[in-house]
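Enquirer: Sharing a model that was predicted from the sequence below.
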Amino acid sequence: MSKIKMFSKLVSLILILCLNQGLVKAIQPVERSVGRLKISIDPRMELLSTIQLLSSNYPIINRDLPHSKDIINYFSSFSLQEAVTSTDSLLQKFGFAFDAPVSFMLHLSQPTELEPQIKFSDYLLGRSGRGDNLEKYRKAIKQFAETSNFEIFWNSKIPFYNQILDMTIADMLEKDLIKAMEDYFKETKESYNIIIAPAFRGGYAPRITDADGKVHIYACLSTNRLKDDIPYLSGDNILYYVWHEFGHSFVNPLSEKHSDKVASSSMLLEPIKNQMARQAYANWETVVNEHIIRAVHVRLIELHIDFQQSQKQLDNEKSNNFIYIEPLVDKLKDFERQSNENQITFSEFYPELLNVLDNLLKIEYWKQFDLSFQGPIRNVFVGRLSFVYPTQDLDTEALKIAQNYVIQFFNNNLPLGAGILLADTTALKTDLSEYLIMAFGTIESNLFLKEYASSFPFKIENQIIYADKEYVDKDIKFVSCVPNPHNPNHGMMIATALSNRAIQDIINLNLLGGGDDYILFLNSGTVISRGVYKKNGKWTF
């Protein structure tokens, strides 16, 4: 046995003895407060991440982080425990994934007790197949936490968790984001919580109502930045979740209250129905909520940051086909005047926003918009996906690297039935007009990309990438989006490079999750260039 392993086992033994003697503190979140906003690493989310990482089938988890690999190595001997196998079965039988497990854990006390603190909602019971499935799952997770000595791992990671929080706080704006939001709506909630879970993919924003009817707002988020091997959450991401996701708790109840009035403008959905569905907004009430919340977000940015950033945010929302947002932004300026002069609340003014939508329906406002795909890259990730991998490369080893990466990424990240995987030769013979396409490989090696290369806003020839300028580094990764050549209303993502060897790890969901149409980078910490294309009917730099 190596000295490192012996030392590790010795530390674990000492911690167990200390725990049994009551010398190790009980598990508590590692947290900071910024005004009324609490930012933490929560043992419940780390425990959930651990179980999901050990699952062989759970797809919505990041197994590539060094932290994730530490977890897998530490707990690998517990991968057959009931909590892990139940995670798989609940996923396969009932689709118990995404926000549902996160919300479930927030109804429980901290490990290792994990006792129910709040009654499970009807939504959670339905997502888990009802019956006593949630109670069985809770007991299985509790057993996992106890038998694996999860608290020992947690305590060993506390310095790491503190580094994550320190770097996150350092990246935030020196603004009281919660106060700005509450002052705008003239309403308050019981608590506001951001929980950072490094191994998560993306984020979830559950709202938990306690036994007294008080609303607790959460955002459970993955990290999206890396510095000195420490992952952290960027200030931009926090700003988005506080002013956008937390905004749902103020706006959604008003849409429910005025549901008949909301429905009166429902024909506005038809022109943007497909574009909204790609972003998981399937009904008009949800689309109304998104438009209003995004409009409020634009106004908060102008009021508390600056006009240029608010305009950039507005343009970004319109590029995502939220075409009714600008008249709502203008109407919110009326609200702000009335709020200052007459102390009118947002909930009192809300029907005026619905009147704006009624007027837009009467004048057929949508007819002035080009509803073809406008980017950014992230909008290719939402919808029915087609992955296209390369088949032609004299460097067969490099080709195999690219193919294996695409196949592995497809299998690990897409739920069963959510997309198709095609060789480039097959893609050329397939109607992909109803798909969002993700094409990988060098332009020459991927015959699908080669077929349409002349229409791209960039060019790659003679080992040179011609983009916003020329690039010759063989290790540079280049990800871009363009309209789907089979259907301009859908998008295509191109993940390319000068060598198929560079295709390895080219998809970084955090890096590509912003508002960029193109990005050139070496790795998640080294971005060379990024930006948006000048469109106006033609995609160009």
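Expert: Structure's in. What do you need?
Enquirer: Okay, now the unreliable bits of the stretch 1-150 of the chain?
Expert: Residue ranges of the stretch 1-150 of the chain with pLDDT under 70: 1-26.
Enquirer: run the last query once more with 90
Expert: The stretch 1-150 of the chain contains residues with pLDDT under 90 at 1-26, 56-57, 59-60, 62-65, 95, 98.
Enquirer: Average pLDDT for stretch 469-479, rounded please.
Expert: Stretch 469-479 carries an average pLDDT of 95.
Enquirer: List the buried residues in it.
Expert: Neighbour-count burial for stretch 469-479, with 16 or more other Cβ atoms under 10 Å as criterion, is recorded at 471, 476-479. In short, each C-beta sits where N, CA and C put it, glycine included.
Enquirer: Kindly report the same for stretch 55-66.
Expert: For stretch 55-66, the neighbour count (16+ other Cβ under 10 Å) marks 55, 58-62, 65 as buried.
Enquirer: got a markdown table for these, with secondary structure and distance to Asp236 too?
Expert: Listed next are these as a markdown table, based on DSSP: H, G, I helix; E, B strand; the rest coil; distance: Cβ to Cβ, whole Å:
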| residue | secondary structure | distance to Asp236 |
| --- | --- | --- |
| Ser55 | coil | 31 |
| Tyr58 | coil | 28 |
| Pro59 | coil | 26 |
| Ile60 | coil | 22 |
| Ile61 | strand | 23 |
| Asn62 | coil | 19 |
| Leu65 | coil | 20 |
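Enquirer: Just to check, Tyr58 is in contact with Leu91?
Expert: Yes - counting by Cβ atoms under 8 Å, Tyr58 does reach Leu91; the two are 6.1 Å apart.
Enquirer: if I look at the two, which residues touch both of them?
Expert: Residues within reach of Tyr58 and of Leu91 at once, by Cβ atoms under 8 Å, 6 or more residues apart in numbering, are Ala97.
Enquirer: related to what we said a few turns ago, kindly present the buried residues of stretch 55-66 as a markdown table, with separate columns for distance to Leu47.
Expert: A markdown table is the format used below for the buried residues of stretch 55-66 (distance: Cβ to Cβ, whole Å):
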| residue | distance to Leu47 |
| --- | --- |
| Ser55 | 13 |
| Tyr58 | 14 |
| Pro59 | 19 |
| Ile60 | 16 |
| Ile61 | 13 |
| Asn62 | 16 |
| Leu65 | 17 |
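Enquirer: So which of those residues is the closest to Asn237?
Expert: Set against Asn237, the nearest of the buried residues of stretch 55-66 by Cβ to Cβ is Asn62 (15.3 Å).
Enquirer: Who are the contact partners of that closest one?
Expert: Contacts for Asn62 (Cβ under 8 Å, 6+ apart) come out as 68, 198-201, 222.
Enquirer: Now do the contacts for Asn252.
Expert: If you count contacts by Cβ under 8 Å, 6+ apart, Asn252 has them with Asn289.
Enquirer: In which helix or strand does it reside?
Expert: helix 248-257 (DSSP states H and E).
Enquirer: wait, is Arg32 part of a strand?
Expert: Yes - under DSSP: H, G, I helix; E, B strand; the rest coil, Arg32 sits within a strand.
Enquirer: helices or strands next to the longest strand anywhere in the chain in the packing?
Expert: As assigned by DSSP state E, the longest strand anywhere in the chain is strand 487-497. Under the contact criterion of 3 or more Cβ pairs under 8 Å, 6 or more residues apart in numbering; DSSP states H and E, strand 487-497 touches helix 273-278, strand 436-440, strand 477-484.
Enquirer: Please indicate which of the ones you listed has the most neighbours on average?
Expert: Counting by mean count of other Cβ atoms under 10 Å, strand 436-440 has the highest mean neighbour count of the helices and strands packed on strand 487-497, with a mean of 26.
Enquirer: What average pLDDT does the helix or strand following it get?
Expert: Using DSSP H and E, the helix or strand that follows strand 436-440 towards the C-terminus is helix 447-452. For helix 447-452, mean pLDDT is 98.
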